[in-house]
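Peer 1: pasting the structure only:
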Ligand SMILES: [Zn+2]
C-alpha cells in the first residue's frame, strides 16, 4: 500500500511545478511568486529568481469549514490550514483526504495538485494545489 502511494505521486509531473521565487537580496522566498520583494522593493527590482518549492510544510493554524460556498457543499466539513512551507512562505490551502479531526497544528503536509477552485465567499483562490498529510509524518 505504502509503495503504491509513493509510485502514484512520482507519476504526477505537476507536483514539481510548485513554482515560487526568491529575492536575491534578502533570500526571502515567495509563493505565489511576486514581481518585486516587498521587503527590499527597489533594491531588488529585476532580481527575483524563480525557485521550485518542495511543497512540503507544516500546519501552523487551521479551521474547519462547516458551511461551504456552492462549489464546496458536498465536501463540508473540510479543513483549511495556513501552512508554513519548508522554504518559508505561508500559504492557505485546503487539506484533503484527511479527517478534519486528524488535522493538528504542527502536522507535516505536502502539496498535491487538484482541480482549481475559487472560494465564492472569501474570494480565495486555491492555486490548483491542496495539501495531504505527509506520508512521512509520524504525528
Ligand atoms: Zn528582498
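Peer 2: That came in fine, so what should we check first? In this text, all values refer to a predicted model and were calculated from it rather than measured experimentally.

Peer 1: is it true that residue 20 touches residue 54?
Peer 2: No: the pair residue 20 / residue 54 is not scored as a contact, 10.4 Å apart, by C-beta atoms under 8 Å. (C-beta placed from N, C-alpha, C; glycine too.)

Peer 1: who has more neighbours out of these two?
Peer 2: A direct count of neighbours by other C-beta atoms under 10 Å for residue 20 and residue 54 places residue 20 higher, at 20 against 13.

Peer 1: buried residues of stretch 92-105, list them for me.
Peer 2: 92-95, 98, 100, 103 (16 or more other C-beta atoms under 10 Å).

Peer 1: ok, the residues you listed vs residue 83, which is closest?
Peer 2: Within these, proximity to residue 83 (C-beta to C-beta) peaks at residue 93, which comes in at 5.8 Å.

Peer 1: distance-wise, check that closest one relative to residue 22.
Peer 2: Residue 93 sits 20 Å away from residue 22, taking C-beta to C-beta, to the nearest Å as the criterion.

Peer 1: what helices or strands is the strand ranked longest in the chain leaning on?
Peer 2: Counting by DSSP state E, the longest strand found in the chain is strand 56-65. Helices and strands touching strand 56-65, by 3 or more C-beta pairs under 8 Å, 6 or more residues apart in numbering; DSSP states H and E, are strand 78-85, strand 108-113.
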